[in-house]
Structure formats: structure tokens, C-alpha cells
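Participant: Structure, please.
(one chain, ligands or ions: 1)
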Amino acid sequence: MNITARIESDRRLINLHLNRVLKFGVAVPERLAAAMRYSVLSPGKRIRPILALETYFACGGRRRDWILPFCCGLELIHSFSLIHDDLPAIDNDNYRRGRPSLHRKFDEATAIIAGDALLAKAFEVFALSRAPDERKIRAIHAISSAIGPSGMAGGQILDIDQFSEMDYFRIAKLKTAEFFAAAISTGAIIAGASAEREKRLFKLGVDLGTLFQLTDDLLDYETDRSPDSSVGRNINLTFNQLQLEAQKLAKSTEMRFRRLGPEFDFFAQLTELILKRRK
Ligand code: GRG
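Facilitator: Model (predicted):
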């Protein structure tokens, strides 16, 4: 199966399970259920759950019921972060994934609460994985530290302030890359990979996530700003410098994935796809 078909098939599997996880009964107020489903089930790339799933298989994992709850929970957390990021107090975005952002479709209070509910639901879903408890606890530790004060939340607080060129890479790491690395680590931990392999994969996850954020900014820049002025609000990186950084990072990341063996071919190809992505 080529990489695009494989991504599509992973995405279908993940969407199927997300849909199940978000089927609520009468215990959940209707507006809250509708808001959570609207946000999560909109057409996202599902890159973080795909990373967890593919790492799990590459590390020899075979039980889907061990890893899929983690894949779903990672996407619920990601959706929560996008909802809060779009709020008027943060980025004030009216659109997300080509549709009105959640606070536009519903209202601000509903969006805040739906985000909170998704974060809590993620941990409920993690707990329901059939994986051994010790692995589950270690994966939950990796995920929660990647999104907490020294991870995504910390990166987001720095992002709302003015920042310098040096901070740009620190913010990319905290805001985006650590969560990518946690998704990859989760796949390795749940599959029972060796400590050495887990450590190498974590580092590769940080680099892949940084590359993803760089390409995200390059894409934003192409649509919003003219080349050769600063990228971002007040950093001194030009479009060309950022592009060069992305190329260098993609080359070294791809090479290091290839060194892990043929089971990691998917990741080497994915690195190239991320570098060249148009959305
Ligand atoms: C997690 C505790 C906690 C707080 C959240 C609001 C916030 C604090 C963080 C926002 C972080 C954020 C939005 C980072 C941007 C990451 C990024 C590149 C998002 C776009 O991801 P894609 O392209 O989106 O995977 P799709 O729509 O495809 O899922």
C-alpha cells in the first residue's frame, strides 16, 4: 500500500472510533454533545493519532484495542486545543477546517465548556484501553506532560506575547512538537518498545513536530504575507530562512527514521510529505 492510501485507511479507522467515542446518551446535555461532535468530527488530518497508530505497529504492537483509545484521546485533546486557540481571547479565528469555528457556530461559553469536556473525555478514553496498566500510566504521563505548563500550555502563553527568533523555535517545540513526540512515544510505550528505541523515537517526534510547525507557518505566510519580510509577528526570520530550516530538519529526520529499519519507512516518507504539504 502506498503512503497516501495507508494514511487514508488509518484516517478512516480513527474516524470510525472517534464517532463511537462521541456517541452520547441522555446523560450528556444535547448542546454540549453537538458542540463536541461538530468540532472533532470535522475534516482534520488526524496526524497525531496516525503517528501513535503507525509507531505502535512499527514497534510490533498488534492489538488495536490497546492503541485505538489512545489515538482517539490524542485527537480529542488536539480538538480541545484548537477550540481554545480560536477563541476571541486568543487567536480570534472565525474559521477552522473550512467551517465556522466552534464559538462562531455555537457561542463562546459553549466553546469553552466543550473544550474542557474534550480534555476530560480524553483521559476517560485512555483509561479504557485494554493495554497493561503500567504501559497506560507511562503513556498518560508522556501525554499529560506534553500538554501541560512545560508543554503546549506553556508554549501557548509564550506565543501570545511578543517573541524573538530564539523564542520561535522554543515555542514551536512546546506548542506543537512535544505533543507530536508524545503521540509517537505513546505508540512505542503501548507496544512495549525498548527504553532505547522509545528515547530515539521521542527525539524524532520532536523534530517531526517542529517541521510540522515550520511548514504550518510557511503555509500561513504564503497566504497572508509577502515573501522576504519577517515571518510571524516580530521575529527576524525571513520566509527563505524558515524554508531552509525546514529542508535541513526534514533531511536529517528522514535519514534517522530510515536508520531505524524498514518498519519505519512510513515515517521517512511522511517526513517528506510534511515538508511538501500544501495544507
Ligand atoms: C493543552 C492544556 C492545554 C492548553 C491549550 C490553546 C492552547 C492551550 C494551545 C493551542 C496550541 C495550538 C493550536 C498549536 C498549533 C498546532 C497546530 C500546528 C495545529 C494545526 O494542526 P493540524 O494541521 O490541524 O494537524 P487539523 O485541522 O488537520 O487537525
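
Participant: and this structure, which residues reach the ligand?
Facilitator: 44-45, 47, 78, 81-82, 84-85, 90, 97, 147, 152-153, 156, 175-176, 213, 216 (CB under 6 Å from any ligand atom). Glycine gets a C-beta too; all of them are placed from N, C-alpha and C.

Participant: mind running it again at 8 Å?
Facilitator: Proximity of the chain to the ligand, by CB under 8 Å from any ligand atom, involves residues 42-48, 75, 77-82, 84-85, 87, 90-91, 96-97, 119, 147-148, 151-153, 155-156, 159, 175-176, 179, 212-213, 216, 279.

Participant: I figured residue 160 hits residue 90, correct?
Facilitator: Yes - counting by CB atoms under 8 Å, residue 160 does reach residue 90; the two are 6.6 Å apart.

Participant: Tell me which of these two has more neighbours.
Facilitator: Between residue 160 and residue 90, counted using other CB atoms under 10 Å, residue 90 has the larger neighbour count: 13 against 10.

Participant: Please name the residues that touch that one.
Facilitator: Contacts here follow CB atoms under 8 Å, 6 or more residues apart in numbering; on that basis residue 90 touches 84, 156, 160.

Participant: What pLDDT is listed against it?
Facilitator: Note for residue 90: predicted pLDDT of 96.

Participant: Repeat that for residue 166.
Facilitator: Turning to residue 166, the model gives it a pLDDT of 69.

Participant: coming back round to it: now, the residues of the chain next to the ligand that are in helices?
Facilitator: Among the residues of the chain next to the ligand, the members falling in helices (DSSP state H) are 47-48, 75, 77-82, 84-85, 119, 147, 152-153, 155-156, 159, 179, 212-213, 216.

Participant: on that earlier part again, are any of the residues of the chain next to the ligand buried, and which?
Facilitator: Among the residues of the chain next to the ligand, those classed as buried by 16 or more other CB atoms under 10 Å are 44, 46-48, 75, 77-82, 84-85, 87, 96, 119, 147, 151-152, 155-156, 159, 175-176, 179, 212-213.

Participant: Quick one: low-confidence residue ranges for the stretch 51-200 of the chain.
Facilitator: Along the stretch 51-200 of the chain, segments meeting pLDDT under 70 span 165-166.

Participant: quick one: the helices in the stretch 151-279 of the chain?
Facilitator: 152-159, 165-172, 178-191, 195-224, 239-259, 265-276 (DSSP state H, counting those that start in this stretch).

Participant: May I have stretch 125-145 exported as CSV, CA atoms only?
Facilitator: Output of stretch 125-145 as CSV, limited to C-alpha atoms (Å, rounded to 0.1, in the frame of the first residue of the first chain):
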residue,chain,number,x,y,z
VAL,A,125,-10.9,7.1,26.9
PHE,A,126,-7.2,6.5,27.7
ALA,A,127,-8.2,4.7,30.9
LEU,A,128,-10.5,2.4,28.8
SER,A,129,-7.6,1.0,26.7
ARG,A,130,-7.1,-2.8,27.3
ALA,A,131,-3.3,-2.3,27.4
PRO,A,132,-1.4,-3.3,30.5
ASP,A,133,-1.8,-0.7,33.3
GLU,A,134,1.9,0.1,33.6
ARG,A,135,2.1,1.0,29.9
LYS,A,136,-1.1,3.0,30.1
ILE,A,137,0.2,5.0,33.1
ARG,A,138,3.5,5.8,31.3
ALA,A,139,1.7,6.8,28.1
ILE,A,140,-0.6,9.1,30.1
HIS,A,141,2.4,10.6,31.8
ALA,A,142,4.0,11.4,28.4
ILE,A,143,0.8,12.9,27.0
SER,A,144,-0.1,15.0,30.1
SER,A,145,3.4,16.4,30.4
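
Participant: In contact with residue 181, which residues?
Facilitator: Neighbours of residue 181 in contact, by CB under 8 Å, 6+ apart: 146, 202, 203, 204, 205, 206, 208, 209.

Participant: okay, these in CSV with neighbour count and distance to residue 220 next?
Facilitator: Compiled in CSV, those are given as follows (neighbours: other CB atoms under 10 Å; distance: CB to CB, whole Å):
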residue, neighbour count, distance to residue 220
146, 26, 23
202, 19, 27
203, 13, 26
204, 23, 25
205, 28, 22
206, 22, 21
208, 26, 19
209, 27, 17
